[in-house]
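Enquirer: Quick one, what's the 3D model for this:
(chains A and B)
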Amino acid sequence: MQLLVIEDDEKLAQSLEQGLEAQGFTVTRTRTGEDGFFLASQNSFDLVLLDIMLPGRSGLQILSSLRQSRLRMPVLLLTAKDRVSDRVQGLDAGADDYLVKPFAFPELLARVRALLRRGKLDVASTLRCANLELDRSAHTLRRDGFLIPLTLREFEILEYLLLNSGQVVTREMLSRDIWKEVTRHTPLDNVIDVHIARLRRKLDDDFSPKLLHTIRGIGFILREEAPE
Amino acid sequence: MKRYLGTIRSRVAFSHVILVSVSMVTFILVASGLFWWHLTRQLYRHAIQNVETAEGLLSFDPGGALTLREDYHNHPETRLVQDRLVEILDFNTGAILYRNPRLDNRSLGGPPARDEGTNYSPRSSRLSDGTRVLMISHVHNLDGHPLLIRQAYETAPLLGRLTEFLVALLLTLPLMLLVAGWAGFTSASRALRPLEDIINMAERITPNRLDERLPLGNPHDELGRLAIVINNLLHRLQSAFEQLQRFTSDVSHELRTPLAALRSVGEVGLQRSSTRAHYHDTIGSMLEEVNRLSRFVENLLLIARMDAGQITLSASQCDVSALLSQSVGLLEILAQEKSQSLTLQASGLPLAFADELLLRQAFLNIIHNAIKYTPEGSSIAVLAAAHPDNLIAIHVRDNGPGIPPHHRASVFKRFSRSSTDQTGAGLGLAISKWIIEANGGTLQLQDSPEGGCHFLIRLPALQSPVWASAGAAKTTA
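Expert: This next block holds a predicted model:
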């Protein structure tokens, strides 16, 4: 998968490149809008990460030119502007998604995956991780064959973690995708933590290997091996 | 001219001078007119007396010629006697019977007119040689002969007196104008002195000296009111400026703490070579601080937008009891964890007209606050009821330790938090208060004699009839 990162902040661009390459993407990086537009129109990228505030032509201008040249690759806007009007402006210019700085890297990764996956339906009715088995149509969870009762919210969280199995899920992602909250706020973070703690008790207390891990400072991950 | 009249003082002095000269000239004209009128009247009166005296001194001598005895007067040197011009005619024939030496052979007016002399007929006239005179006539019967006696005085001496009077008055005019100008200038200067003080003071005021106030003279006159208005303006500026300074210093303090933590965790982590797990922990700990910082910056941005009025409410009809039950439902699990009882009583509430998203955030903040600061096992009650005066009252009450009295006043202030808590930045309640007030409501900390903490939210209820009629008006328009 070929990704193009157009970002003028050297440090941020470098960390994005490293992070995305560690996930198996091939990353091309550039600092100005002009170069970015040239690269995007000459090569075929699977996705473009575009900063809005760039030296020279702004990200939004690049985006409009790209769309006018009938280039249809997904574009994820990165910006420090977080007002609704800014979002609308970005999406109107032809962006596929919008991420406000400072963002969590796992969040970026999830959005990139979602954009690349778009159009491909996820129809698996049973999600698995090690000896954990979630039946999405029957709404049941089994581990080692034992039925574990879940509340509706716990079911949704676990389903989300399983869909992103092996990837870090941040509190932002849970807050937006499970609780459908527009803004993130402290009370909700505490609520998420309690739900995760309860879910972990049900999943892992009586079983091994331990599956639901907390990554300090970032979020949660569902996978077999414990993080170092 | 404009240059010399640049100051209010000189303009006031100038207008004084104009005013005084106009009134002085008017006065002089009127006074002179009166003086002239008085002089002539006096002259006529003397003339009439004189004629009456002269009538008694007239006689025909044996030759039939008319004579006037001149030896009668006690004071023959009197000007009224000396200066008079006398002419006596036969009223019927118009023949001139007598002319006094001063008149010589000049005529006082030819043959008598028909009604001349019946009532002295005072008048001004001109002699044949052009001399201007004031004259009276009288008819007198002497031994059966009707005589017309004319007596006149030259006007020149009178005019001379009038001129003297006029000149005397005009001579005082420049003096009067000087006095008026000086008085105008000094009184204007005195009246404007407070303004001078205001100017000097205003020049001295800088951001560092906003505590200066203008001196108040008489608080009821115009300049006093100006000073009061400017002082009030200064007061508002000062408090806004101080608030900004406090805000900036609070913000830098709040930023400094997580930055210091971030730095020391990073530095300590790098100091010794350690295990992967240790590095993970170090980085994780740093990320936690970064999250704290990001959250803080987000809230600051929210507050800055609130202050700048950049938040537009998207108000709509909203169901407060639904919002409350959502909020309580969301936070219930936190109360469960602390074995607290969290109860909600809200039914039969009228609709409100508010921004749902913001209002929900305020409810969440306030209820979360109660859960956070109330110890395990206590109870929190959310009670909402319709108020008769078209309000929705929402009480959030707990039976925890409450808020210490010295801290009550600053509960809603930014960066205020209880001394035992170091987790939040103390912006939650400030933001909640702003949200509720922006939606037309109030948020107060109530006294709770039975202990605990009691927040009262009041929101205006939607008056359905008004709303319905407004809607109807809209459709017909």
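Enquirer: what does chain B have sitting close to chain A?
Expert: Applying CB under 8 Å from any CB of the partner chain, we find that chain B lies next to chain A at B:276-277, B:280-281, B:283-288, B:290-291, B:294-295, B:298, B:301, B:330-331, B:333-334, B:337, B:357, B:361, B:364-365, B:367-368, B:424, B:428. C-beta: built from backbone N, CA, C; applies to glycine.
Enquirer: Pull out the buried members of these.
Expert: B:281, B:283-288, B:291, B:294-295, B:298, B:330-331, B:333-334, B:337, B:361, B:364-365, B:367-368, B:424, B:428 (16 or more other CB atoms under 10 Å in any protein chain shown).
Enquirer: now B:I48, what's its secondary structure?
Expert: helix (DSSP: H, G, I helix; E, B strand; the rest coil).
Enquirer: Sort out for me which of the residues of chain B next to chain A are in strands.
Expert: Of the residues of chain B next to chain A, none are assigned to strands by DSSP state E.
Enquirer: who does A:V27 bridge with?
Expert: A:V27 has these beta-bridge partners by DSSP bridges: A:L3.
Enquirer: How is the chain partitioned into domains?
Expert: All of this is about chain A. According to automatic domain parsing, chain A comprises the domains A:2-117, A:126-222.
Enquirer: think we crossed wires, I meant chain B
Expert: Split by automatic domain parsing, chain B gives B:8-160, B:222-307, B:316-468.
Enquirer: Show me the helices in chain B, by range?
Expert: B:8-56, B:79-82, B:156-204, B:222-271, B:276-307, B:320-337, B:356-373, B:405-408, B:428-438, B:464-476 (DSSP state H).
Enquirer: I'd like to know which of those is closest to A:S69.
Expert: helix B:276-307 (35.5 Å; CB to CB).
Enquirer: Kindly tell me how buried B:V328 is, as a neighbour count.
Expert: 19 (other CB atoms under 10 Å in any protein chain shown).
Enquirer: Mind listing the residues bridging to the closest residue to it other than its chain neighbours?
Expert: Counting by CB to CB, 6 or more residues apart in numbering or on different chains, B:L344 is the residue found nearest to B:V328 once chain neighbours are left out, at 4.5 Å. Beta bridges link B:L344 to B:V382, judged by DSSP bridges.
Enquirer: Number of residues surrounding the closest residue to chain A within the stretch 51-200 of chain B?
Expert: Here the residue of the stretch 51-200 of chain B nearest chain A is B:I198; by CB to the nearest CB that distance is 43.5 Å. Applying other CB under 10 Å, we find 19 residues neighbouring B:I198.
Enquirer: For it, list the residues it contacts.
Expert: Residues in contact with B:I198 (CB atoms under 8 Å, 6 or more residues apart in numbering or on different chains) are B:214, B:223, B:226-227, B:230.
Enquirer: try 10 Å
Expert: Applying CB atoms under 10 Å, 6 or more residues apart in numbering or on different chains to B:I198 gives the contacts B:192, B:214-215, B:217, B:223, B:226-227, B:230-231.
Enquirer: Name only those of these that count as buried.
Expert: Among the contacts of B:I198, the ones that count as buried (16+ other CB under 10 Å) are B:192, B:214, B:223, B:227, B:230-231.
Enquirer: name the element the residue nearest to A:L222 when sequence neighbours are not counted belongs to?
Expert: Spatial nearest neighbour of A:L222, chain neighbours left out: A:L161 (4.1 Å); criterion: CB to CB, 6+ apart. Element membership for A:L161 (DSSP states H and E) is helix A:152-163.
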